[in-house]
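K.L.:
here's a sequence, model it:
(one chain, ligands or ions: 1)
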Amino acid sequence: MSRSTEKPLLRALSGEALPTPPVWLMRQAGRYLPEYRKVRAEARDFLDLCYSPDLATEVTLQPIRRYGFDASILFADILLIPDALGQQVRFVAGEGPRLEPVRDAAAIGKLSAARVGEHMQPVYETVRRLRRELPGQVTLIGFAGSPWTVATYMVEGRGSPDQKQARLMAWTAPDVFGVLIDKLVAATVEYLSGQVAAGAEVLQLFDSWAQGFSPAMFERWVIAPTRAIVDEIRARHPGVPIIGFPRLAGAQIPHYVAATGVDAVSLDTGVDPAWARQVMPESVCLQGNLDPLCLVAGGEAMAAETRRLLDGMAGRAHVFNLGHGIVPETPPEHVSALLEIVRGR
Ligand code: 1CP
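P.N.:
Presented below is the predicted three-dimensional model:
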């Protein structure tokens with residue numbers, strides 16, 4: 001296939017600067033959309049939604065129908081992996097995830113990556129249906145959480161502002177914590193590989209809590225597990241682009257990119273595009289990084305900031321996105337306005 005007929009997202013991820021960047025938004029399916037809330041109400045609970053190919057396919061397609069994004073991200077969650085490993089996971093409406101915490105060698109010893117492939121069959125079925133149903137120019141992105149970020153939820157038992165329990169465990173019992181990370185690497189490779197086999201064309205690794213590490217800890221708990229996953233996926237599926245999202249990792253981002261070998265890096269809101277361009281090779285595609293709250297604000301503020309971001313990334317491989325996920329209070333019409341600005345200038 002000649003380059004110009006390839007899908008826009010794949011062209012940008014291969015390092016091509018396009019006059020109009022491809023655009024998708026993290027958490028583009030979700031509670032800000034009335035049609036999502038309707039389907040969500042039909043499911044028994046959030047996990048049921050993730051494991052029902054009918055419902056998960058429908059909510060993945062909703063933002064594509066409404067807005068025509070360049071990419072579609074599989075509807076699932078980073079916490080399906082702990083569930084597949086045998087940890088108890090629940091989503092409490094209005095509160096978020098609750099897991100039975102794993103904090104010692106015995107609890108970690110009981111987790112097993114052996115059943116991941118079987119457990120994730122419904123998710124793979126969703127991926128297969130999406131590849132059949134998505135419009136031709138839309139790229140399907142599969143994803144997983146990175147081992148460190150998933151481990152923070154497994155050890156803490158819930159989302160937390162500081163990931164204190166996981167950080168403490170990494171200091172006080174690094175060998176035990178290492179066993180957990182190794183199981184997560186194995187499970188994540190299996191899961192992502194299954195997504196690609198079912199039809200995912202691009203993979204994104206979400207490391208939402210990659211901030212606040214000393215260099216040595218960053219190396220051990222963020223870089224090493226990520227590199228192990230990237231290496232194994234490349235060996236099994238050469239040519240599938242991988243996007244890393246080391247959120248809030250700041251000055252450690254260039255090293256993350258160089259050491260893990262990701263094809264693209266998703267930048268959080270605080271990263272200056274001018275700095276990112278200077279410190280990362282042209283061949284690495286940059287994704288991001290409008291403030292999700294700027295999208296809530298809309299109007300002139302959003303228009304001005306979006307143009308500034310587009311100008312800042314002009315002439316360079318760029319995928320337009322937010323610096324983190326869409327928040328539920330986002331007015332859906334602001335997303336249409338954003339797309340007009342990104343595509344229409
Ligand atoms: O309907 C609901 O009430 C559930 C809300 C919801 C949704 C829509 C959750 C619970 N997960 C999701 C889907 C989801 N999660 C997707 C696919 C949808 C899309 O992008 O269009 C993806 C890629 C994720 C990834 C995810 N889940 C991350 C990484 C990205 C990020 O936002 O940092 C994380 C940290 C999670 C955990 C999670 N799942 C759900 C919530 C509310 C949370 C955060 C919990 C917390 O830290 O407090």
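K.L.:
ok, the closest residue to the ligand within the chain - contacts?
P.N.:
Across the chain, no residue is closer to the ligand than G159, which sits at 2.2 Å (CB to the nearest ligand atom). C-betas here are computed from N, CA, C, even on glycine. Going by CB atoms under 8 Å, 6 or more residues apart in numbering, G159 touches 96-97, 153.
K.L.:
which one of the residues you listed sits closest to A304?
P.N.:
Set against A304, the nearest of the contacts of G159 by CB to CB is G96 (33.2 Å).
K.L.:
quick check: the gap between the residue lying closest to that closest one once chain neighbours are set aside and T188.
P.N.:
Distances taken as CB to CB, 6 or more residues apart in numbering place G159 nearest to G96, at 5.4 Å, with adjacent residues excluded. G159 sits 19 Å away from T188, going by CB to CB, to the nearest Å.
K.L.:
now swap in G109 and tell me
P.N.:
Going from G109 to T188 by CB to CB gives 19 Å.
K.L.:
quick one, which of those two is more surrounded?
P.N.:
Taking other CB atoms under 10 Å, G109 and T188 do not tie; T188 has more neighbours (26 against 13).
K.L.:
mind listing what's buried along the helix or strand hosting the more buried one?
P.N.:
Assigned by DSSP states H and E, T188 belongs to helix 174-198. For helix 174-198, the neighbour count (16 or more other CB atoms under 10 Å) marks 176-178, 180-181, 183-196, 198 as buried.
K.L.:
check whether F218 really touches G250, as I assumed.
P.N.:
No: with contact defined as CB atoms under 8 Å, F218 does not reach G250; the gap is 10.5 Å.
K.L.:
looking at these two, which one has more neighbours?
P.N.:
Per other CB under 10 Å, whichever of F218 and G250 has more neighbours is F218, with 21 against 14.
K.L.:
contacting residues for that one?
P.N.:
Per CB under 8 Å, 6+ apart, neighbours of F218: 210, 249, 252, 256.
K.L.:
over to N321?
P.N.:
23-26, 266, 287-290.
K.L.:
just to be sure, it is in a strand?
P.N.:
Yes: counting by DSSP: H, G, I helix; E, B strand; the rest coil, N321 falls inside a strand.
K.L.:
those residues of the stretch 101-250 of the chain touching the ligand, which are they?
P.N.:
143, 145, 159, 206, 208 (CB under 6 Å from any ligand atom).
K.L.:
excluding its backbone neighbours, what's nearest R316?
P.N.:
Computed as CB to CB, 6+ apart, the closest residue to R316 that is not its neighbour in sequence is A17, at 5.2 Å.
K.L.:
same thing with H119?
P.N.:
H119 sits nearest to A84 (CB to CB, 6+ apart), 4.1 Å away.
K.L.:
can you list contacts of the helix or strand in which that neighbour is found?
P.N.:
Assigned by DSSP H and E, A84 belongs to helix 80-85. The contact list for helix 80-85, computed with CB under 8 Å, 6+ apart, reads 47, 50-51, 89, 99, 111-113, 115-116, 119-120, 123, 144-145, 150, 153-154, 183-184, 187-188, 191.
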